[in-house]
Every structure is written in structure tokens, then in C-alpha cells.
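Got a predicted structure here, sequence first:
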Amino acid sequence: MLFQMNQQMVSVKLKIKKIKNVYLRMEKGELILSTNKLLTNEEIVSILQKHSKWIESQLINYANIACSENEILVFGKKRQIKQVSSNQINEDKNRIKQNALKEVEQLFRILEKKWGYHNCQIQFSKLKTKWGICYFKKQKIVLNEAIFQLPIYLIEYIILHELTHFEVHNHSKYFYEKLAMKSNNTKNSKVDLAKYNCIL
């Protein structure tokens, strides 16, 4: 569905789920509205108006990082891919992605060693809503395969965040104190990271 908001057309996808509240998120430039019932257009417009500032900031964030067909976002910067065929572009994008993920793994190993962690397993996977997950009992961290699109300092922040979960298994004040000992500007990193959530 398309709705007009502040002189701009916004695409909204309605998802009916077994949930208590209404949730709004941005996914690749499209708003996803999750609810437990079918909503009227008036109800949808009311929700959009209530969250208009958040939506506007998400659309701006997405516009800043969205790539054309022959571009790819790598470590926070857009890279051009020579225009050949669409198959060749996809192959080039996949090659660039795989090479970037190898660099992320190297960074993971450097940070793991620097902070005294040992033999951690690392895996890249498609995660819908998270940048990383720590399975502390298995000594395993799963990172979102889209992580290579982030600037390096945010990748470091995510890795350190997940590594810190080996020591503290929740998001308590103590957890953030431990994380702050390893990572500079954790508050700024958290705010900056939210700007990239639309590519999850």
C-alpha cells in the first residue's frame, strides 16, 4: 500500500501476526507495520502520523545508504561495479561480499585475541532483526551477513558487544560498563548503528 506523508509517497506493508502491540520497522526502504488485526486506512494513517518523525529519519537514513543496481555498500562506502550484464553484476557483488566477510572475520580474530577470548566460533547468517547473536554456552557468535556494509568502527562495536556477552549474559548496567572498557563511544556507536537498521 502507498500512503502520502509530508508530500512523499511511503510504501507500507501490513503483516498480521499473533502479537499484542503494533510494531513499525523499516526494511529496505519499505515500512513494515505488524499488528494482530486488519487495520483500516484511517488507522494506518493515524499510526504513520504518530510516528512521522521516526519514519522521516528512517527514510533519510535509507536514502543515504541505498545503492543502485550497479553499486554495493562495503564498510560504509558505496562502490561502483562496472556495468556489464546483470548476472555479472550479481557475481561481482557476491565476490565483493565474500571478500569483505573474510576481512570481518580477520577483524573478529584480532579483537578476540586482544581481549583475551579464545577459540570462539564465528558464523555469518541472514538475521532479520539483529546484527549479532552470542551463544555463550557454545562459545559461538553469529554475525549478520549484512555486517560488511557497515563502517569498520560499527563492525568493531558489534563484535565487541557480542564478545562481552561471554562475560555478561544480559544487557545490564554492568554489561555496558564492561563493553565501554573495550569500545570507545558506545553510546554514539549505538545511535549510529540504528541508522543502518533499515538494511537488515
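Nice, I can see it.

Mind listing what's buried along the helix or strand containing Leu73?
Leu73 is part of strand 71-74, with elements assigned from DSSP states H and E. Buried residues in strand 71-74, counted by 16 or more other Cβ atoms under 10 Å: 72-74. For every residue, glycine as well, the C-beta is placed using N, CA and C.

Now do the same for the helix ranked longest in the chain: mean pLDDT, whole number.
Across the chain, the helix with the greatest residue count (assigned by DSSP state H) is helix 86-114. Per-residue confidence for helix 86-114 averages out to 95 on the pLDDT scale.

same thing with stretch 178-196?
For stretch 178-196, the per-residue pLDDT values average out at 89.

From the rest of the structure, what touches that stretch?
With Cβ atoms under 8 Å, 6 or more residues apart in numbering as the test, stretch 178-196 has contacts from 61, 64-65, 115, 131, 149-151, 153-154, 156-158, 160-161, 163-164, 167-168, 176.

Check which helices and strands whichever strand or helix holds Glu162 is in contact with.
Counting by DSSP H and E, the element that carries Glu162 is helix 152-164. In this structure, helix 152-164 packs against helix 86-114, strand 132-135, strand 140-144, helix 173-182, helix 186-194, with contacts taken as 3 or more Cβ pairs under 8 Å, 6 or more residues apart in numbering; DSSP states H and E.

Hey, what's the angle from that helix to helix 173-182? Just curious.
Angle of helix 152-164 versus helix 173-182, following axes from the mean of the first three to the mean of the last three Cα atoms, to 10 degrees, is 130 degrees.

For helix 152-164, list every residue counted as buried.
For helix 152-164, using 16+ other Cβ under 10 Å, the buried residues are 153-164.

for these, which one is nearest Lys97?
Within these, proximity to Lys97 (Cβ to Cβ) peaks at Ile155, which comes in at 13.8 Å.

Now that the closest one has come up, it's in contact with Ala146, right?
No - counting by Cβ atoms under 8 Å, no contact exists between Ile155 and Ala146, whose distance comes to 10.9 Å.

show me the contacts for Asn144.
Asn144 sits next to 124-127, 130-132, 200 when contact means Cβ under 8 Å, 6+ apart.

ok now the strand holding Leu73, how far from the chain's centre?
Counting by Cα atoms, centre = their mean, to the nearest Å, strand 71-74 is centred 15 Å from the centre of its parent chain.

got the contact list for that strand?
Applying Cβ under 8 Å, 6+ apart, the contact partners of strand 71-74 are 65, 67, 78-81, 93, 96-97, 100, 148-149, 199.

Mind picking the two most distant members of those?
Based on Cβ to Cβ, the longest span within the contacts of strand 71-74 runs between Gln80 and Ile199 and measures 18.4 Å.

neighbour-wise, which of these two wins?
More neighbours surround Ile199 than the other of Gln80 and Ile199, with 19 against 10 (other Cβ atoms under 10 Å).
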